[in-house]
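Peer 1: Give me coordinates for this.
(4 chains)
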4 protein chains.
Amino acid sequence: MDPKTSADPFRPSRADRFSFGLWTVGNPGRDPFGEATRARLDPNHIVRKLAECGAWGVNLHDNDLVPFGASATDRDRIVAEFKATLEDCGMVVPMATTNLFTHPVFKDGAFTSNDARVRAFAVQKTMAAIDLGVELGARTHVFWGGREGTEADACRDPRDGLKRFRDALNILTGYVRDQGYDLRFALEAKPNEPRGDIYLSTTGHMLHFIETLDDAEMVGVNPEVAHETMAGLSFVHGVAQAMDAGKLFHIDLNAQRIGRYDQDLRFGSEDMKQAFLLVRLLEGVNGYAAYDGPLHFDAHAYRTEDEAGVWEFAVGCMRTYKILAARARAFDADPDVREILDTESDAEAERLVSGGFDAERVRELRARTFDPDALAAPGLRYERLDQLMTEHLLGVRG
Amino acid sequence: MDPKTSADPFRPSRADRFSFGLWTVGNPGRDPFGEATRARLDPNHIVRKLAECGAWGVNLHDNDLVPFGASATDRDRIVAEFKATLEDCGMVVPMATTNLFTHPVFKDGAFTSNDARVRAFAVQKTMAAIDLGVELGARTHVFWGGREGTEADACRDPRDGLKRFRDALNILTGYVRDQGYDLRFALEAKPNEPRGDIYLSTTGHMLHFIETLDDAEMVGVNPEVAHETMAGLSFVHGVAQAMDAGKLFHIDLNAQRIGRYDQDLRFGSEDMKQAFLLVRLLEGVNGYAAYDGPLHFDAHAYRTEDEAGVWEFAVGCMRTYKILAARARAFDADPDVREILDTESDAEAERLVSGGFDAERVRELRARTFDPDALAAPGLRYERLDQLMTEHLLGVRG
Amino acid sequence: MDPKTSADPFRPSRADRFSFGLWTVGNPGRDPFGEATRARLDPNHIVRKLAECGAWGVNLHDNDLVPFGASATDRDRIVAEFKATLEDCGMVVPMATTNLFTHPVFKDGAFTSNDARVRAFAVQKTMAAIDLGVELGARTHVFWGGREGTEADACRDPRDGLKRFRDALNILTGYVRDQGYDLRFALEAKPNEPRGDIYLSTTGHMLHFIETLDDAEMVGVNPEVAHETMAGLSFVHGVAQAMDAGKLFHIDLNAQRIGRYDQDLRFGSEDMKQAFLLVRLLEGVNGYAAYDGPLHFDAHAYRTEDEAGVWEFAVGCMRTYKILAARARAFDADPDVREILDTESDAEAERLVSGGFDAERVRELRARTFDPDALAAPGLRYERLDQLMTEHLLGVRG
Amino acid sequence: MDPKTSADPFRPSRADRFSFGLWTVGNPGRDPFGEATRARLDPNHIVRKLAECGAWGVNLHDNDLVPFGASATDRDRIVAEFKATLEDCGMVVPMATTNLFTHPVFKDGAFTSNDARVRAFAVQKTMAAIDLGVELGARTHVFWGGREGTEADACRDPRDGLKRFRDALNILTGYVRDQGYDLRFALEAKPNEPRGDIYLSTTGHMLHFIETLDDAEMVGVNPEVAHETMAGLSFVHGVAQAMDAGKLFHIDLNAQRIGRYDQDLRFGSEDMKQAFLLVRLLEGVNGYAAYDGPLHFDAHAYRTEDEAGVWEFAVGCMRTYKILAARARAFDADPDVREILDTESDAEAERLVSGGFDAERVRELRARTFDPDALAAPGLRYERLDQLMTEHLLGVRG
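Peer 2: Next up is the predicted model:
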């Protein structure tokens, strides 16, 4: 676990494209029942420490760097210093986002508030955050609408919520085009917390919503392990659907137990099997290309930790990713695994069910006789397959 | 609770468009740990009893009516008798669907099986089920892919699952066009059970998937209360998104507790507030048109019931819907409610955030100064609004 | 909904024994993602407003009234003023509790911390909180061990956690006896949040734990709707087990959706059916005595509310309780309900399975022949029973 | 993964005390939506195959071996053959249990039914199952009250349910004493499924309930991974509480995802971290003695498997247990782990909070001054500890 040993194959390096948010390693450990247990860290200090740990990028909300309501002069001074630090450390800002949840003005939503002035302020603030991100080199702007939801559902028709969200995004994609920015948007879903129910609760809902935008091409998703897992959904299936649609623009890695408050735990520290399957998907498998975007850890250290524990946490996220990537490669190369996965399918039947509708093929298909009992008989050896995966994960194979 | 009293405002009638599946009132009460507690009911008997209870339609899987593997002669005899019964009772078959889950041949999926022969058999079986439904007058064919998923996720790339599902639907929409059927498809999502994880786990995922089909126009969704609720998602928000997209082609009404096995309880018997909000949405609210499709109850009576209990159950589903519809009307007409909901928004701000991107409007927006603290100050009276809803539900207002 | 109208049967009054915590109506609306949306309220102001709203009691953590680390002089001054306000308003303090979660010293537990100094400090602080509560007239001291748990479970053997928790309570019950206080302890369980897993996660675990204490008689439970509901357990069954054991010393009423962060919503605003069944249990049913302790609302207003909304919230909690109590009485008096519930059981069989082991009765029992198919045949009319409950709840009966 | 290689350190053997139920490996793959995918296996065949796989024991419900309603002659013949097979294979029957859930007579409960004749029949059937178990050598009789619950909660006061359950157990413990059997009872909790809510929903509720029995000493618990996990509770904490109370009489090992239908998956195939922590607890850790009872796998193979897959599944359960046991030993011996876990506590503070109430010690404790900010300051290195556990699990350490 000494990340400094050069011989260590799991030591993170810039080539791994790992990033952290200022708000993640900078999280001071405040929670609904307790005060902060650690001091807030200076953003420039965070950048330097992340670089030491082997990270490649640092992400931020506008107000992680520039305080809410800061003057233009203060903003410019802060940004200049931060850019110098980035350059000094060889770190990049791959993604930026807008804080539309901390200030009480957003207590009933930002883009979906019933008060059009709140919506206008949110759009204005987002434009400034986009400018900031672009200035820092960000290629992705993430939208997490944490306040876009309800507890008292009658307060607003959910379709009005969708319409307003859409209006805001249409203005903002237009703004990006108008400015000539090289920037894409990534929408991040969450089912609940801090609202009772948040609109567009999963990556699936987001993927569909994107299709209704004026400039769907510019917009993709930023799925987060914890958010889909809270609802007990398969994160791997959701990410796969986004990849299938060419919409996986960014990803938030962490860990979470199902049916709980948003935990944002160290990547891989819960549900190691889903973490393995996710890394395998991202690294490229089954003939599909790998995801080549940033690998962002949206997690924070336990409240029990001091600053040293925060860096242990950060290194742990990256190491576990790399160990899982190695395990995934070994699993897919294992002849015992391949024997199960590389089963031949019936070519004639494949032909009948591929390639869309064709009247002649349908006639052939309807005429063919199947023996369902015979087709049902063979065992599929999935217990063996899953046990092989278990033993790869546990490091007793390969 | 006597549904026969003509003065009873909650007595169901054909005009209400209520439907039940043969498999719902016909459910014999078998479960994973116990044998059937009731005899199976003859489909013709079911139709007669449903008509008596005030239902309008009856839905079916192919094998609810025609046994798996029945000869063509048997099939035609069964169908003829069933059609005669329907006519005799004035009942319709608004929807049909295909059983792609009971036979062991579907143990690892139907449209997504690794074995192309199983997929071909599933498509063939679905064509026959479509023919059957159309013959009975069905205008909607529902697809619930209960077996399309995994427990041992490595067995199949989830993107291959999506691709195969898409291939099957593309053939089937082509088939419907080719036959000249007046029929639409409605896809029904479920997160898990009977598989560990089912592909396209929510209505949101389905809505996006539809956009990737060759004939997206023919395909919509059939959201089910129990399925979205299992994952703890807001059913109302999911249905609203489908309505917003013009894709609510059918709906499955029942009740369910979050985070549990699929319960399919009597409509309204759990989570009365969501049931109220749902009925309010379906009946038309906030200036949006009502849903005018079938109101289908996909639920079954407790195992403790005999046949008499089944009809109590069926009448209960319909009565509760009608009571909730009345409560919703009264709620939205209540001046105390209207006072909260009809708050004026700032017209100038509305203008700035509507209508898509416009360079001039964006300049205006950026130039405007907002006072976030002042905007944050007013209380929104949502506790009052929600308590008014509670008291309407409990029948102590209006 | 005007609580001032004397003719209103649901207007709360002191006789109803309703209480609120200072921290509930005083909650300023801070959450993990946002700052406070309301000003903190002065405790004396809270007491006056609660009295106006019809409440009977006010509860408190030590630090809700006396700031952490206040001097003895400040403490005495604050307490004297508070007592004067209570007397002035005719309000009582039925329950007090200790804040063992806000200060970072408790970041890894109070009574179960690995650091014995933290445990000692927690016991010391609790003694002071007990003194304070008793001075204000409290008859119950509640223990919610919100920090007694883990995220990294290897840090402490859970049995050591239990042992330390037990040690602390043994000292504290001894202290109460030694001081001659007329006080009982009520232990409050919660499965998680703010810790990943909290020890003694449900009321059931607490009931057993109590039996292992030196002075089990002094200790009972304080079940909270939200806490058991988070885990999807039947709150009614848990409370019933506590009543059966004579251990329901206090109760925390609120509302919550399953599988989510701790919501502490207005009583009755979610899961109206469980709320109804709970009120029915507390008010006395089926020949069992009513619960006669305080009816405490451990809930808070939405973040969207200003102070006026807080009092709407408080009145709403109490009104809904009273409406549900009226509905429960009507339900149990309904002849259609009674017909189902008052079914005769077989007296001879009752004799055989009652009264503990008796060799002769067991011989008789073994000799008797049963016809399981015949016993299985009758329908139990539970769909009808549950629909009757639904219609009582919705106010369309009686 | 070849369990036959003698050099394989994870090959199961009789000394490991692994057992399976006839109903587990014999599960034919029927589920709520589908028919059996495998033939039922003959019990004698199961015994022979389990012995080959390295298991030590086989458990059974009465009707797994002797069909419901079998004649005495048939029963005796079946039992004699089964005993011969056991002896032949060197297998034991450590545990037996009663099927009180399959037959419709139990549709509304066995020991808690409103019909005293059903309760009497259930007690009678249990006595026969106890006799059968004892005849086969069982030392533990498990009680899983799967039907003891409700969907329509008004049907029965939950306290009446508890009373009836208690009555039944009091008769049955008396029966065991009267017969002179060397047998203990182990109660198994489950929150729901097949009932909406099952009484005594967790191991915690069961532990308390036991204390209310006439012969509490004879009765302990049989916690099941899947059952506590369904509710999202920490299985490890529940088992630890049972061990602390000397009540862990038996254990059911399997795997499950939170908030889902009862999955009964291969041990270790989900939530590897909890599985690791559980094995560590059972094998003895932190100075506490190991559990020395049977290690029973209450799981079944996926429906996709044929009989060969069933034995892969069985071997997989046992292998994973053994791998985890090895990982646990290495983790606890790791000096980097020990450095964190073996932190010294303050001896003087330990003295003040141990040993129960003592007036003098309490005076000392109250007089001592603590500096909470100083106590709060140190980081606890739990991120490092948990990452060390992760890397042990993944096999990259030790």
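Peer 1: so who does residue A:184 touch?
Peer 2: A:139-141, A:218-220, A:249 (C-beta atoms under 8 Å, 6 or more residues apart in numbering or on different chains). C-beta coordinates here come from the backbone N, C-alpha and C atoms, glycine included.
Peer 1: 7 Å - rerun?
Peer 2: Applying C-beta atoms under 7 Å, 6 or more residues apart in numbering or on different chains to residue A:184 gives the contacts A:139-140, A:218, A:220, A:249.
Peer 1: now residue A:54
Peer 2: Contacts of residue A:54 by C-beta under 7 Å, 6+ apart are A:3, A:11-13, A:318.
Peer 1: same question for stretch A:69-86, mean pLDDT?
Peer 2: Averaged across stretch A:69-86, pLDDT comes to 98.
Peer 1: how about the top helix by length along chain A, does it reach chain D?
Peer 2: Ranked by residue count, the top helix of chain A under DSSP state H comes out as helix A:307-333. Yes: applying C-beta under 7 Å from any C-beta of the partner chain, one finds helix A:307-333 in contact with chain D at A:308-309, A:312-313, A:316, A:320, A:323.
Peer 1: tell me what the helix or strand just after that helix is packed against?
Peer 2: Where DSSP states H and E defines the elements, the next helix or strand beyond helix A:307-333 is helix A:335-341. Judged by 3 or more C-beta pairs under 7 Å, 6 or more residues apart in numbering or on different chains; DSSP states H and E, helix A:335-341 is in contact with helix A:382-393.
Peer 1: what helices or strands is the helix it packs on leaning on?
Peer 2: helix A:272-283, helix A:307-333, helix A:335-341, helix D:307-333.
Peer 1: Mean pLDDT and mean neighbour count added to those, as JSON lines?
Peer 2: Converted to JSON lines, the helices and strands packed on helix A:382-393 look like this (pLDDT from 0 to 100; neighbours: other C-beta atoms under 10 Å in any protein chain shown):
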{"stretch": "helix A:272-283", "mean pLDDT": "98", "mean neighbour count": "23"}
{"stretch": "helix A:307-333", "mean pLDDT": "98", "mean neighbour count": "22"}
{"stretch": "helix A:335-341", "mean pLDDT": "98", "mean neighbour count": "14"}
{"stretch": "helix D:307-333", "mean pLDDT": "98", "mean neighbour count": "22"}
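Peer 1: Tell me which of those helices lies nearest to residue C:263.
Peer 2: Nearest to residue C:263, of all these, is helix A:272-283, at 26.5 Å by C-beta to C-beta.
Peer 1: just the angle between the closest one and helix D:382-393, please?
Peer 2: Counting by axes from the mean of the first three to the mean of the last three C-alpha atoms, to 10 degrees, helix A:272-283 lies at 80 degrees to helix D:382-393.
Peer 1: Can helix A:272-283 be said to contact chain B?
Peer 2: Yes: looking at helix A:272-283 against chain B by C-beta under 7 Å from any C-beta, the contacts come from residue A:277.
Peer 1: can you list contacts of that helix?
Peer 2: A:235-236, A:239-240, A:267-268, A:290-291, A:321, A:324-325, A:327-328, A:393, B:153, D:270, D:272-273, D:393.
Peer 1: What average pLDDT does the helix or strand just after that helix get?
Peer 2: Helices and strands here follow DSSP H and E; after helix A:272-283, the next one along the chain is strand A:295-297. For strand A:295-297, mean pLDDT rounds to 98.
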